[in-house]
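> Got a predicted model here, sequence first, then my questions.
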Amino acid sequence: QVQLVESGGGLVQAGGSLRLSCAASGRTGTIYRTGWFRQAPGKEREFVAAINRSGGSTFHADSVKGRFTISRDNAKNLVYLQMNSLKPEDTAVYYCAAARLLPVQAVSVPQGYDYWGQGTQVTVSS
């Protein structure tokens, strides 16, 4: 089993920045890919970004490209989501997710991930 805990959410004005962290514990050696998703009230869960185990391969949704960056520190079992130039439409609960085996074609599919954190709220005011 793997446990994921997100942190770093909060309230920020439009144009501001936040950095989310995802701390993994348990059988972290089984994780191949880690992703960030978000879900706004009344909307479906949406892919934000993903990174593979080595950190050498990253993916970002078109809606956040150029503003958000996913990265990882394997020594600390942490995955980060740096969010810059935040917009009110970025307001959502942000979830960290981990997959044991996930092909590239499925990185944006929530059902492909095996473990999920509880989420952290990000609110961007206009």
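Received it, and whenever you're ready, just let me know what you need.
> in its sheet, what does the one helix or strand Cys22 maps to sit against?
Using DSSP states H and E, Cys22 falls within strand 18-26. Note on strand 18-26: by DSSP bridges, its sheet partners are strand 2-7 (antiparallel), strand 78-83 (antiparallel).
> pull the CA atoms of that strand into CSV?
In CSV, the C-alpha atoms belonging to strand 18-26 read as follows (Å, rounded to 0.1, in the frame of the first residue of the first chain):
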residue,chain,number,x,y,z
LEU,A,18,1.4,28.4,-4.7
ARG,A,19,3.5,25.3,-4.4
LEU,A,20,1.7,22.0,-3.6
SER,A,21,3.5,19.1,-2.2
CYS,A,22,2.6,15.4,-2.2
ALA,A,23,4.3,13.2,0.4
ALA,A,24,4.4,9.5,-0.3
SER,A,25,4.9,6.7,2.2
GLY,A,26,4.6,3.0,2.3
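> Pull the residues that contact it.
1-10, 12, 31, 34, 36, 77-83, 86, 94, 96, 98, 117, 120, 122 (C-beta atoms under 8 Å, 6 or more residues apart in numbering). Glycine gets a C-beta too; all of them are placed from N, C-alpha and C.
> do stretch 76-88 as well
So stretch 76-88 is contacted by 12, 14-25, 28, 34, 36, 48-49, 51, 64, 67-73, 90, 94, 96, 122, 124-126 (C-beta under 8 Å, 6+ apart).
> before we move on, the earlier item: buried ones only from the contacts of strand 18-26, please, as a ChimeraX command.
Burial among the contacts of strand 18-26 is assessed by 16 or more other C-beta atoms under 10 Å; the matching ChimeraX selection reads:
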select :2,4,6,8,9,12,31,34,36,77,79,80,81,83,86,94,96,98,117,120,122
